[in-house]
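K.L.:
this is the structure alone, sequence omitted:
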């Protein structure tokens, strides 16, 4: 199970397209943190071979103090005890608030890398204060390296990035401190719905263009960079390993993910938390069994049958996509029972880049 825990909705960033923006910031309380970790322990007791991957998210989670993370560390011991080795903890952060002291406080908490966001265009992503994003980010990357904290990058693909695909790819490929990148398309949520961002929003066709041009770079690099989703599509198509796909393409997020707000509200993932739709209830009202039996969760689980018997019935690439992210579908169509808004572009990529390397795998191959 993956739990995306929103530590805070506050942020020191000024990203023009921020999907998680809230006018009145909230911070995670000790009471909610205790209950979330209790749910993780409940899940692990029920599944003796399972693990929980906890992602500390935001907002900007590094806004919270060193004292809070020391308390969080104690809560993990209190709630999980001998189960704690089966809890993997990562973080998603813009990284700019990472100091040596805060890195030391995070050391006992984190067992997985910090995923950090970055952008080549300062007019798109910046930080409050007098120092530039680049100055703060590079300094923080140095701090992470000195503290032996691994990092990866999440890059939001907007219209400028589509235009400059080769420039973006080359920057990350040649960066000495970056070994993995995930490229996600910009979607209209939070600030991303504002008119001021209209020139950055991309269409399905433009997402397909980025995928196709990125794949050509991936080919030139010998299929070596750990740049998703390219590496995931390579694993699925060439190695016949569709299990390596992300949550957006597996069609199983209703079974594998939860998103929890600072106030304890439960959603299917962090994106549904940003959308503030399809809430299950709160951590104070529900246990793992009640969550698994939630009508909202069942509705999301029915999506695969609806799509595979309806709009995606004849799609040869079903095993690579499963209709895409249900939140993308909801934002575009107002229902989860529709394919992702990125369908046309993704199909163009499949046909132009993957088809020449072989026919797609069968529909029953997703769990291989």
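P.N.:
Thanks, I have the structure now. Treat the numbers as computed from the prediction; the structure is a model and nothing was measured.

K.L.:
which residues of the stretch 51-200 of the chain fall in strands?
P.N.:
For the stretch 51-200 of the chain, the strands defined by DSSP state E, counting those that start in this stretch occupy 52-57, 87-93, 114-117, 151-157, 180-185.

K.L.:
over to the stretch 201-350 of the chain?
P.N.:
226-228, 257-260, 265-267, 281-282.

K.L.:
rewinding a little: reformat the strands of the stretch 51-200 of the chain as CSV; add mean neighbour count, distance to residue 256 and mean pLDDT.
P.N.:
For glycine as for every other residue, the C-beta is placed from the backbone atoms N, C-alpha and C. Below are the strands of the stretch 51-200 of the chain laid out as CSV (neighbours: other C-beta atoms under 10 Å; distance: least, C-beta to C-beta, whole Å; pLDDT from 0 to 100):
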stretch, mean neighbour count, distance to residue 256, mean pLDDT
strand 52-57, 23, 9, 98
strand 87-93, 21, 14, 98
strand 114-117, 21, 18, 94
strand 151-157, 20, 19, 95
strand 180-185, 20, 17, 96
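
K.L.:
make TSV out of these and add distance to residue 332.
P.N.:
TSV is the format used below for the strands of the stretch 51-200 of the chain (distance: least, C-beta to C-beta, whole Å):
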stretch	distance to residue 332
strand 52-57	23
strand 87-93	24
strand 114-117	23
strand 151-157	17
strand 180-185	12
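
K.L.:
for residue 285, which of the ones you listed is the nearest?
P.N.:
In terms of C-beta to C-beta, the element of these nearest to residue 285 is strand 52-57, at 20.0 Å.

K.L.:
can you check what angle separates the closest one from strand 87-93?
P.N.:
Interaxial angle, strand 52-57 versus strand 87-93 (axes from the mean of the first three to the mean of the last three C-alpha atoms, to 10 degrees): 20 degrees.

K.L.:
so which residues make contact with strand 52-57?
P.N.:
Applying C-beta atoms under 8 Å, 6 or more residues apart in numbering, the contact partners of strand 52-57 are 1-7, 40, 43-44, 86-92, 109, 112, 115, 270.

K.L.:
what does stretch 172-185 give?
P.N.:
115, 141, 145, 151-157, 202, 207, 210, 214, 217, 221, 225-230, 246, 342.

K.L.:
what's the answer for stretch 106-114, then?
P.N.:
Contacts of stretch 106-114 (C-beta under 8 Å, 6+ apart): 53, 56, 69, 72-73, 76, 87-93, 95, 98, 144, 147, 149-152.

K.L.:
ok, now stretch 143-154?
P.N.:
92, 95, 98-100, 103-104, 106-107, 110, 112-118, 141, 172, 177-182, 184.

K.L.:
figure out how far it is from the centre of its chain.
P.N.:
18 Å (C-alpha atoms, centre = their mean, to the nearest Å).

K.L.:
now the end-to-end length of that stretch.
P.N.:
Using C-alpha to C-alpha, to the nearest Å, one end of stretch 143-154 lies 19 Å from the other.

K.L.:
how about stretch 8-23?
P.N.:
First-to-last residue span, stretch 8-23, C-alpha to C-alpha: 12 Å.

K.L.:
how distant is it from the center of its chain?
P.N.:
With C-alpha atoms, centre = their mean, you get 16 Å for stretch 8-23.

K.L.:
what average pLDDT does that stretch get?
P.N.:
Mean pLDDT, stretch 8-23: 87.

K.L.:
so which bits of that stretch are buried?
P.N.:
8-11, 13, 15-22 (16 or more other C-beta atoms under 10 Å).

K.L.:
then stretch 182-195?
P.N.:
182, 183, 184, 185, 186, 187, 188, 189, 190, 191, 192.

K.L.:
tabulate these (CSV), appending distance to residue 131.
P.N.:
Output for the buried residues of stretch 182-195, formatted as CSV (distance: C-beta to C-beta, whole Å):
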residue, distance to residue 131
182, 26
183, 27
184, 26
185, 29
186, 25
187, 29
188, 30
189, 28
190, 25
191, 22
192, 25
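
K.L.:
which of those lies closest to residue 129?
P.N.:
Closest to residue 129, out of all of the buried residues of stretch 182-195 and judged by C-beta to C-beta, is residue 191, at 19.1 Å.

K.L.:
just to revisit the earlier point, return the member of the buried residues of stretch 8-23 nearest to residue 129.
P.N.:
Nearest to residue 129 among those, with distances taken as C-beta to C-beta, is residue 13, at 10.6 Å.

K.L.:
measure the closest one to residue 48 for me?
P.N.:
41 Å (C-beta to C-beta, to the nearest Å).

K.L.:
show the contacting residues for residue 101.
P.N.:
residue 66.

K.L.:
what does the one 4 residues further on give?
P.N.:
Contact analysis of residue 105 by C-beta under 8 Å, 6+ apart lists 66, 69, 70.

K.L.:
can you pick the most crowded of these?
P.N.:
For these, the largest number of neighbours (other C-beta atoms under 10 Å) sits with residue 69, at 22 neighbours.
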